[in-house]
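> Coordinates for the following, if possible.
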Amino acid sequence: MESEFRRLPSVDRLISEERIRQLHEIYPYTLIVELIRQSLEQARLSIAAGNPSPLIDGIVESVCAQISALEKPSLRPIINATGVILHTNLGRAPLSR
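Numbers count the residues shown, from 1 in each chain. Next up, the predicted model:
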């Protein structure tokens, strides 16, 4: 199992990957390094659970997926068809009849 841990790439090795270098043009270096470290930690936990060491491409894909998830807006538009006015500061305020 220890050999599986040794097969994990270093942070520097992942930073030198082409897809990660392209992210440097858009996102801060510290964010990318933090996401790489998180992906490596997930890989270590996976190896400790008995799974094989992930490939470099898998880790790069994980970093790209995490950045993609950060780009998505957390709020999305909805239609309130309940007949109740919703206001973030007032809670529920029924319409006067």
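> Need the residue closest to the centroid of the chain.
Nearest to the mean C-alpha position of the chain, by C-alpha atoms, centre = their mean, lies residue 66 at 2.1 Å.
> give me every residue that touches that one.
Counting by C-beta atoms under 8 Å, 6 or more residues apart in numbering, residue 66 touches 35, 38-39. For every residue, glycine as well, the C-beta is placed using N, CA and C.
> how many other residues sit next to residue 76?
When neighbours are defined as other C-beta atoms under 10 Å, residue 76 has 6 of them.
> quick one: pLDDT of it?
For residue 76, the model assigns a pLDDT of 79.
> ok, now residue 86?
Residue 86 is given a pLDDT of 61.
> Skipping adjacent residues, who's closest to residue 46 in space?
Nearest residue to residue 46, sequence neighbours excluded (C-beta to C-beta, 6 or more residues apart in numbering): residue 54, at 7.0 Å.
> separation between that neighbour and residue 42?
As for residue 54, its distance to residue 42 is 9 Å (criterion: C-beta to C-beta, to the nearest Å).
> Looking at those two, which is more packed in?
residue 54 (21 against 14).
> Turn the buried ones among the contacts of residue 66 into a named PyMOL selection, would you?
Command for PyMOL that selects the buried part of the contacts of residue 66, burial taken from 16 or more other C-beta atoms under 10 Å:
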select buried, resi 35+39
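> so can I have CSV of the contacts of residue 66 showing secondary structure and distance to residue 6?
Formatted as CSV, those follow (DSSP: H, G, I helix; E, B strand; the rest coil; distance: C-beta to C-beta, whole Å):
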residue, secondary structure, distance to residue 6
35, helix, 22
38, helix, 20
39, helix, 17
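> got TSV for the contacts of residue 66, with distance to residue 58 and pLDDT too?
Converted to TSV, these look like this (distance: C-beta to C-beta, whole Å; pLDDT from 0 to 100):
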residue	distance to residue 58	pLDDT
35	14	95
38	14	95
39	9	94
